[in-house]
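A.B. asks: Just to be clear, the model below is a prediction. Sequence and coordinates:
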Amino acid sequence: MVDSVIKKRLWYRQPAKRWEEALPLGNGRIGAMAHGFAGYEYFQLNEDSCWCGGFRDRNNPDALKALPIIRQMLFEGRIAEAESLIMKSMSGIPRSQYPYQTLGDFKLYMGHGDNCSDYLRELDIENAIYRCSYVSDGVAYCREAFISAVDNCLICRISADKPGMVNVNTELYREPFDTATVKTGEAKDWVLSSDEQKECGIMCYGNTGCNGVDFAFELRALTKGGRVSIIGENLEVTAADEAVFIVAAATSFREKEPAKAIAKVFEKAFEYSYDELKKRHIEDYRSFFDRVELCLTGKDNEAEDIPTDIRLKELSPEKPDLILDELYFNFGRYLLISGSRPGSLPLNLQGIWCHDYTPAWCSKYTININLQMNYWPVEICNLSELHEPLFEHIKRMQPNGRVTAEKMYGCKGWTAHHNTDLWGDTAVQDHWIPGSYWVMGAAWLCTHQWMHYLYTKDPEFLKESFPIMRDAAEFFLDFLIEYKGYLVTSPSVSPENTYLLPNGEHGAITFGATMDNQIIRDLFGQCIAAAEILNVDDELNERIKAALAKIAPDRIGKHGQIMEWIEDYDEMEPGHRHISHLYGLHPSAQITPDKTPELAEAAKITLKRRLENGGGHTGWSRAWIINNYAKLFDGERAYENFCQLLKSSTLPNLFDNHPPFQIDGNFGGIAGMAHMLLQSSEERSVLLPALPKAWSCGHVKGLKLMGDAEIEMSWTDGELDWFIIKSNKALDAVILYKGVETSFSLPAAYTTGKITKNELFQGLY
């Protein structure tokens, strides 16, 4: 097939003139942005635990005594008074958590200027390798770099097609608060066989500030021919045929002595040649990347000759760019594999690609949508292990969340508000009425534990997660209060929207918001289901069952929309970026077109009203809209919004643009693409539920079904040709296609033959 030769790469004919054009590398823990100037290479570096400050108990001591007063004010409609009191009594002390920070810079200055020819800068996302090549003064140079997960370091090779022409001066740099660059050995001539190569380099070290983490990152180099010298704070290579630079980094979050930990990284790395390091890196990376393959046939292969940034600019609704569609999907998977690995921290607002010391929103973990969206694709895209950093962070949060639950609300269990940080802070972040005073963070995160179990059917994981899930549920058993026969949250918000009162006033603090009810229904139902699987039948389980029966249902408002609040208020911003009250549609499955048709129709109206009033103006919001339309089985509107995501909210390097850059839109976008092709729940898996006309012919392999199974499908002219299921565990599955349901019972380690559409319809499988 001609399509198979299309390279999976981002590529450009010019260097990155700004950070948003640079190309990302990562291994889950270390990240870098490569800029690719001919005269010098600039790697802006990150380490996932490079956070300013340390843990503080920020829970407001006045929250508990103010709680009943705030609730009474809300019930009496005294919204302004309630909001005034809540800002004083419940805001964290101090108000804000500390920021995530860039680690620093690694720069390589070539022995020539920027004038060159035959320039090419590319990111090979099939092998996770960055390259920059050009010709300067008749010499062809090539820079190649990757960040290895198996060897835990950044590796960059510079080569030339003529001997002795590699001349590079390098430096490590960080803004000079409490930092220094030092030699880690004497200046020496190195050859590849010399033991002295392990003793020489430069290191930048210091503290992030405000009693934050201690950090260190170090550079060492190897050459073929030539000489390596250290002069002041610079490491210099002269007259070499080839040079290999290695950067390792660590912080005191994981290592008591970061410099010693780095030394061990170099000791291991120097056991291998460059080619061996590269091979180890590719094998590791492709063990994840090769699990899924998407091919959209009917592509214009000549478009591959157009650089990525130009193709993005030329994108139009009249002419779909299927190569760009595929590339976006693969790039999102690349970012997941490069940004979240077992043993790393979870992806924050910018993943491990942040170039500021005080970034937008402090680049924290925002848990009223953004952190969760980062992990929407991991299960369906066959990357379940990459969910682990989130689960480890949930464990880190739980003890702090218990303190918050008790101090602020007098409740058992644990809770978290709309932000958390490196240390798992669960207190209120900022003093921002529409967002800060939201108590659902822990509950929403725990639904990811259940989702992981449904896809993997890992009983040990469920046993480990069950107490955390129930602890989050127990908080609500104490927190919920009676209102008109229902149990409701109070106080809370519908993130991050504001409602209009009939008298013209506005407010955000509320009780019983629709999203709260939907998340609680999921959490309580999942705890009950897990208890049944684990044979737990106790008083707490009965209390959860009783409370679940009293959670208010979703309701339809005067516009025919899903009501966002307990009353049918209008929105202050009808085109608001958050669509919190559609949580029940996505990521949940409480609303579906065929099982809850009235609510599904109301969800369509909700989306229509949002978009007509300017909704989807941020990248991640547009991504959420794609997923919602996919869940409504509306492929054309899902694809229309996907094209808008590319056209209006995607940067030249394919990063998502809030603005500024936030990585959640990339992951929400590819989750939406996957859900257009496959939707899996406990009850059934729907094939090609939202296939747009633009993708009328194609093939996908490796997407996951719940129950630890994989599927391969092929389709032509918008119709399913055949599918194959590979069951890793014994599987009872219901497959739905075009309204026809068919049941399968498959043994473990079993792969079906090709099942055609006709066989599916006739039950002849």
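C.D. replies: Noted; the coordinates are in hand.
A.B. asks: so who does the residue nearest to W19 when sequence neighbours are not counted touch?
C.D. replies: Distances taken as Cβ to Cβ, 6 or more residues apart in numbering place H355 nearest to W19, at 5.1 Å, with adjacent residues excluded. Heads up, the C-betas are built off the backbone N, CA and C, glycines and all. Contact analysis of H355 by Cβ atoms under 8 Å, 6 or more residues apart in numbering lists W19, M33, Q44, T102.
A.B. asks: now that we have those, which one has the most neighbours?
C.D. replies: Greatest neighbour count in the contacts of H355, by other Cβ atoms under 10 Å, goes to M33: 27 neighbours.
A.B. asks: lowest-confidence helix or strand of this structure?
C.D. replies: One helix or strand of the chain scores below all others by mean pLDDT, DSSP states H and E: strand 179-183, with a mean of 72.
A.B. asks: quick revisit: can I get the contacts of H355 in a markdown table including distance to I231?
C.D. replies: Formatted as a markdown table, the contacts of H355 follow (distance: Cβ to Cβ, whole Å):
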| residue | distance to I231 |
| --- | --- |
| W19 | 29 |
| M33 | 27 |
| Q44 | 24 |
| T102 | 26 |
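A.B. asks: Poorly predicted segments of this protein, please.
C.D. replies: Along the chain, segments meeting pLDDT under 70 span 1-6, 176-179, 184-199, 299-303, 764-765.
A.B. asks: And the helix or strand encompassing P467, what does it pack against?
C.D. replies: If you go by DSSP states H and E, P467 is part of helix 459-479. Contact partners of helix 459-479 among helices and strands, from 3 or more Cβ pairs under 8 Å, 6 or more residues apart in numbering; DSSP states H and E: helix 388-409, helix 441-456, helix 514-533, helix 539-548.
A.B. asks: quick one on the thing from earlier: for the least confident helix or strand of the chain, enumerate the helices and strands it packs against.
C.D. replies: Applying 3+ Cβ pairs under 8 Å, 6+ apart, one finds that strand 179-183 contacts strand 166-173, strand 202-207.
A.B. asks: can you give me the strands in the stretch 1-150 of the chain?
C.D. replies: Under the criterion DSSP state E, counting those that start in this stretch, strands of the stretch 1-150 of the chain are mapped to 9-12, 23-26, 30-34, 40-47, 104-110, 117-124, 129-136, 139-148.
A.B. asks: Can you check which of the ones you listed gets nearest to T181?
C.D. replies: strand 104-110 (9.5 Å; Cβ to Cβ).
A.B. asks: the inter-axis angle of the closest one versus strand 166-173?
C.D. replies: Counting by axes from the mean of the first three to the mean of the last three Cα atoms, to 10 degrees, strand 104-110 lies at 160 degrees to strand 166-173.
A.B. asks: contacting residues around strand 104-110?
C.D. replies: Strand 104-110 has contacts (Cβ under 8 Å, 6+ apart) with 32, 38-45, 136, 141, 143, 154, 156, 158, 167-175, 179, 204, 217, 219, 245, 247.
A.B. asks: Distance check, the nearest residue to P342 once chain neighbours are set aside against W51.
C.D. replies: Once flanking residues are discounted, P342 sits nearest to E388: 4.6 Å by Cβ to Cβ, 6+ apart. Noted for E388: a distance of 20 Å to W51, by Cβ to Cβ, to the nearest Å.
A.B. asks: does Y483 really touch G512, like I thought?
C.D. replies: Yes: the pair Y483 / G512 is scored as a contact, 6.2 Å apart, by Cβ atoms under 8 Å.
A.B. asks: Identify the contacts common to these two.
C.D. replies: By Cβ under 8 Å, 6+ apart, the residues touching both Y483 and G512 are S490, I566.
A.B. asks: Between the two, which has more neighbouring residues?
C.D. replies: G512 (22 against 17).
A.B. asks: quick revisit: would you reformat the helices and strands packed on strand 179-183 as TSV and include mean neighbour count and distance to N613?
C.D. replies: Putting the helices and strands packed on strand 179-183 into TSV (neighbours: other Cβ atoms under 10 Å; distance: least, Cβ to Cβ, whole Å) gives the following:
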stretch	mean neighbour count	distance to N613
strand 166-173	21	46
strand 202-207	21	47
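A.B. asks: Would you format those as TSV with distance to I591 included?
C.D. replies: Converted to TSV, these look like this (distance: least, Cβ to Cβ, whole Å):
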stretch	distance to I591
strand 166-173	52
strand 202-207	49
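A.B. asks: Tell me which of the ones you listed lies nearest to I670.
C.D. replies: Here strand 166-173 is closest among the helices and strands packed on strand 179-183 (Cβ to Cβ), at 34.1 Å.
A.B. asks: Alpha carbons of the closest one, in PDB - could you do that?
C.D. replies: Output in PDB follows, covering the C-alpha atoms of strand 166-173 (Å, rounded to 0.1, in the frame of the first residue of the first chain):
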ATOM      1  CA  VAL A 166      33.000  19.300  14.400                       C
ATOM      2  CA  ASN A 167      33.700  22.300  16.600                       C
ATOM      3  CA  VAL A 168      31.300  23.000  19.400                       C
ATOM      4  CA  ASN A 169      31.300  25.200  22.500                       C
ATOM      5  CA  THR A 170      28.600  24.200  25.100                       C
ATOM      6  CA  GLU A 171      27.100  25.600  28.200                       C
ATOM      7  CA  LEU A 172      24.500  24.800  30.800                       C
ATOM      8  CA  TYR A 173      22.500  27.700  32.200                       C
END
